[in-house]
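S.K.: coords please:
(chains A and B)
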Amino acid sequence: MGHGLANSSFKNPVIRWMDQRLPLFTLMHKEYAAYPTPRNFNYFWNFGALAMVVLMVMIVTGIFLSMHYTAHVDYAFDSVERIMRDVNYGWLMRYLHMNGASMFFIVVYIHIFRGLYYGSYKQPRELLWILGVIILFLMMATAFMGYVLPWGQMSFWGATVITNLFSAVPVFGDQIVMWLWGGFSVDNPTLNRFFSLHYLLPFVIIGVVFLHVAALHITGSNNPLGIDPKGPQDTLPFHPYYTIKDTFGLGVFLIFFSLFVFFAPNYLGHPDNYIPADPLVTPAHIVPEWYFLPFYAILRAVPDKLLGVVLMFGSIAVLFILPWLDTSKVRSARFRPIYKIFFWVFVFVCLMLGYCGAKPAEGIYVVLSRLGTVYYFAHFLILLPLLGKLERPLPLPTSISEPVLPRGGGAITAGATAKPMDKA
Amino acid sequence: MVNVLRRSALAGLALACGIGIGAAAHAAGEAVEPPAIDWSFNGLFGTFDRAATQRGFHVYKQVCSSCHSMDLIAYRNLAQLGFSEDEVAAIAAEYRITDGPDENGEMFQRPGIPADRFVAPFPNEESARLANNGALPPDLSVMAKARAGGPDYLYAFLTGYVDPPDGTELMPGMSWNTYYPGHQVAMPNLLFPNGVPYTDGTEASVHQQAYDVTNFLMFTAEPSLEERKEMGVKVILFLIVFTALMYAVKRKLWADVH
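M.R.: Numbers count the residues shown, from 1 in each chain, chains lettered A, B, ... in the order given. This next block holds a predicted model:
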């Protein structure tokens, strides 16, 4: 680096002139066109790009919604209904935004479980993973505050339950809660600050996503085999190979998204949120949105409030140190026969916790929640450290192209371990 | 169409009776699953049954509106149900609206216009409670989305008034409803055979009235339903073609890589 102009390989004089002074075109070309990508991605590698698209959809629809929304306890509910009725395509913006939140979590959860299965968090991608966990945490905060904005019954009581969690903090608990509320209960100041933060945090998410992608492009992408590319024969330029594959995946995803938006827009929501908030009437069952249910189950599994809160936040926090808890050097579960079993048990436990979170905290659901909570933490804190020492991984292929290329000739060799899906 | 209505009403009645018997065994407080009804607005191509929805408006106007407000709905919204501009203006003009203040600083009364919201039966919550034995009749604007089971529940609720099971003591002023969570509800049964005169020849049975008013409530809760489904079909068709095309391009591009 130094003084003078940057090198540019662009021929168009206008683009070249700009590129020499601010090499955005070179950057874009390097990161999104030439970026060498392992050639053996399966469709689980679509979900990062899908998450990016959903984030954009959320921001665009959110900006339009905020132009018509009134953040005041007396008007919030009616202003949302006004958007649904009197604003041109307001119903479309709102249903896209409402269901987009669920889609965002579906996509991101699959993205995370893909990372867990293929060991994408391991050396050298630890920081990339940690940035991802930060994004998840920001998403949860944003989604929670967004759900409060329509000021329905679940908005109000969800906000009351979640903010009250902080009262479990020793000594300062009550002061912290009052400070969060901006008063003595969830009220107009709470709604106002939630709206402000709900508008702010997505832009923080964009910033962290930028760092997430930047870190990814330093280490390069992981792949289903979990081994590093050995050279150009193992990679493909991102464009056009993965741009087209992502576009096809996006089409499939948008069909799924549209089915909810146009034909079942309230399926993932709760009917109580169409009842205006009433501080004097508590709903029979206060349940969060589906994407928080596993964490809600962990919270309720513990009889002690403080410990419940600690475990709930701990269930996310443990992901931060995951790269050091998993002691196995082998990334992909494909070559870890024992881990593979425990991975699916873990998936099952997460789904079971989600199911328990939706049910009233009584009887068998409490027992299952407790078992699930113990298993959730045991998976990370006991199983993963031990497995790395005890498990004998299968032999790794010598390169990515070795198991992939012979398939193209039609002959299936004994050494080809890749499943058909990987080459698609 | 009337046949379909009658059949679904009958099916609903049969199911309601069946479940009603089962419900007696349920502990109070447990919700009874309402029977699923084949509404005209269900499905990918669902639309509102205009005739039923218009009759439903009359049921609301003559029965429900004496206690329940509909603050989010304006008289102009009725045009979407097939009422003509003149009919909407005439309906609006039946109501007296308090407007003002005028240049003398006085509030005054004027006839309603299509842009006015439905006039509420009570000026405030306190007077509504006073007139209803302490209970507050909820606003019905989005009612069809505000209860688990949606329109199925509303229909089941409106047709779910039965005598309380033997040995159950009703609290003063309460009625027994099979589908209401807890069963004891402050709203009495208000739908009676021919209680609302129908002018289009439809028999105004209790089930027909409940069916019609539920159609109307679904319309007020989700006025953009038809536009939404129509757009949805186009969007999905476009996306299927787009996605298939992208798949073909992807196959072609990747053909030389494998």
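S.K.: show me what contacts the residue in the stretch 1-150 of chain B positioned nearest to chain A?
M.R.: Of all residues in the stretch 1-150 of chain B, B:A146 sits closest to chain A, with a separation of 3.7 Å (CB to the nearest CB). Any C-beta I mention is one placed from the backbone N, CA and C, and that applies to glycine too. B:A146 makes contact with A:P271, A:D272, A:Y274, A:I275, B:P138, B:A221 under the criterion CB atoms under 8 Å, 6 or more residues apart in numbering or on different chains.
S.K.: got the residues of chain B near chain A?
M.R.: Residues of chain B lying near chain A by CB under 8 Å from any CB of the partner chain: B:44, B:71-72, B:77, B:138-139, B:141-142, B:145-148, B:150, B:181, B:221, B:223-224, B:227-229, B:231-233, B:235-236, B:239-240, B:242-243, B:246-247, B:249-250, B:253-254, B:257-258.
S.K.: re earlier: ok, of the contacts of B:A146, which one's closest to A:A215?
M.R.: A:D272 (41.1 Å; CB to CB).
S.K.: how far away is the closest residue to that closest one other than its chain neighbours from A:P276?
M.R.: Computed as CB to CB, 6 or more residues apart in numbering or on different chains, the closest residue to A:D272 that is not its neighbour in sequence is A:Q153, at 4.4 Å. Taking CB to CB, to the nearest Å as the measure, A:Q153 and A:P276 are separated by 7 Å.
S.K.: burial measure for residue 186, as a count.
M.R.: As the question left the chain open, I've gone with chain A. By other CB atoms under 10 Å in any protein chain shown, 27 other residues sit near A:V186.
S.K.: wait, chain B
M.R.: Taking other CB under 10 Å as the criterion, the count of residues near B:A186 is 15.
S.K.: who touches A:G173 in this structure?
M.R.: A:F166, A:S167.
S.K.: how much space between it and A:N164?
M.R.: From A:G173 over to A:N164 (counting by CB to CB), the distance is 9 Å.
S.K.: give the buried residues for the helix or strand encompassing B:A248.
M.R.: Using DSSP states H and E, the secondary-structure element containing B:A248 is helix B:225-254. Within helix B:225-254, the residues scored as buried using 16 or more other CB atoms under 10 Å in any protein chain shown are B:225-226, B:228-229, B:231-232, B:235-236, B:239, B:242-243, B:246-247, B:250, B:254.
S.K.: before we move on, back to that, tell me the phi and psi of the residue of the stretch 1-150 of chain B closest to chain A?
M.R.: Here the main-chain torsion angles of B:A146 (degrees, to the nearest 10) amount to phi -100, psi 10.
S.K.: separation between the residue lying closest to it once chain neighbours are set aside and A:Y267?
M.R.: Using CB to CB, 6+ apart and skipping residues adjacent in sequence, the residue nearest B:A146 is A:Y274, 3.7 Å away. Distance of A:Y274 to A:Y267, computed by CB to CB: 14 Å.
S.K.: and those two? Which one has more around it.
M.R.: Each of A:Y274 and A:Y267 has its neighbours counted (other CB under 10 Å); A:Y274 has more, 24 against 10.
S.K.: I'd guessed that one sits against A:M154; true?
M.R.: No: A:Y274 is beyond contact range of A:M154, at 9.4 Å (criterion: CB atoms under 8 Å).
S.K.: need the overlap of contacts for those two.
M.R.: By CB under 8 Å, 6+ apart, no residue touches both A:Y274 and A:M154.
S.K.: check contacts around the residue positioned nearest the centre of chain A.
M.R.: Using CA atoms, centre = their mean, the residue of chain A that lies closest to the mean C-alpha position is A:V108, 2.9 Å off. A:V108 sits next to A:F47, A:A51, A:I135, A:L136, A:M139 when contact means CB under 8 Å, 6+ apart.
S.K.: assumed it was part of a strand.
M.R.: No: inclusion of A:V108 in a strand is not indicated when DSSP: H, G, I helix; E, B strand; the rest coil is applied; the result is helix.
S.K.: okay, it and A:R114: tell me how far apart.
M.R.: With distances taken as CB to CB, A:V108 is found 10 Å from A:R114.
S.K.: also B:A248?
M.R.: Computed as CB to CB, the B:A248 to A:R114 distance reads 26 Å.
S.K.: lowest-pLDDT helix or strand in the chain?
M.R.: With no chain named, the answer covers chain A. helix A:420-423 (a mean of 42; mean pLDDT, DSSP states H and E).
S.K.: same question for chain B.
M.R.: None of the helices or strands of chain B scores lower by mean pLDDT, DSSP H and E than helix B:2-25, at a mean of 41.
S.K.: return the distance of the next helix or strand after it from the chain's centre.
M.R.: Proceeding N to C from helix B:2-25, the next assigned helix or strand is helix B:50-62, under DSSP H and E. Centroid separation between helix B:50-62 and its chain, computed with CA atoms, centre = their mean, to the nearest Å, is 10 Å.
S.K.: pull the number of nearby residues for the residue of the stretch 201-350 of chain A found nearest chain B.
M.R.: Taking CB to the nearest CB as the measure, the point where the stretch 201-350 of chain A comes nearest chain B is A:F262, at 2.5 Å. Using other CB under 10 Å, A:F262 has 22 neighbouring residues.
S.K.: who's in contact with it?
M.R.: A:F262 neighbours (CB under 8 Å, 6+ apart): A:Y95, B:R228, B:K229, B:M231, B:G232, B:V233, B:V235, B:I236.
S.K.: now with 7 Å?
M.R.: B:R228, B:K229, B:M231, B:G232, B:V235 (CB atoms under 7 Å, 6 or more residues apart in numbering or on different chains).
S.K.: spatially, which residue comes closest to the second one, not counting chain neighbours?
M.R.: Meaning B:K229. Distances taken as CB to CB, 6+ apart put B:G46 closest to B:K229, at 5.8 Å, once the chain neighbours are dropped.
S.K.: for the one you found, the count of nearby residues, please.
M.R.: Other residues within reach of B:G46 by the criterion other CB under 10 Å amount to 17.
S.K.: quick one, phi/psi of A:A6?
M.R.: According to degrees, to the nearest 10, the main-chain angles of A:A6 amount to phi -80, psi 150.
S.K.: per-domain residue ranges of chain A.
M.R.: In terms of domains, chain A is parsed into A:41-286, A:293-392 (source: automatic domain parsing).
S.K.: ok, A:V133 - contacts?
M.R.: Shown in contact with A:V133 (CB under 7 Å, 6+ apart): A:I316, A:L319, A:F320.
S.K.: could you check how many residues crowd around the residue of the stretch 1-150 of chain A found nearest chain B?
M.R.: At 4.2 Å from chain B, A:W91 is the closest residue in the stretch 1-150 of chain A, using CB to the nearest CB. By other CB under 10 Å, the residues close to A:W91 number 21.
S.K.: now do the one 5 residues further on
M.R.: The local packing count at A:L96 equals 25, with neighbours defined by other CB under 10 Å.
S.K.: check A:P337 too.
M.R.: With other CB under 10 Å as criterion, A:P337 counts 12.
S.K.: report pLDDT for it.
M.R.: Reported pLDDT at A:P337 in the predicted model: 96.
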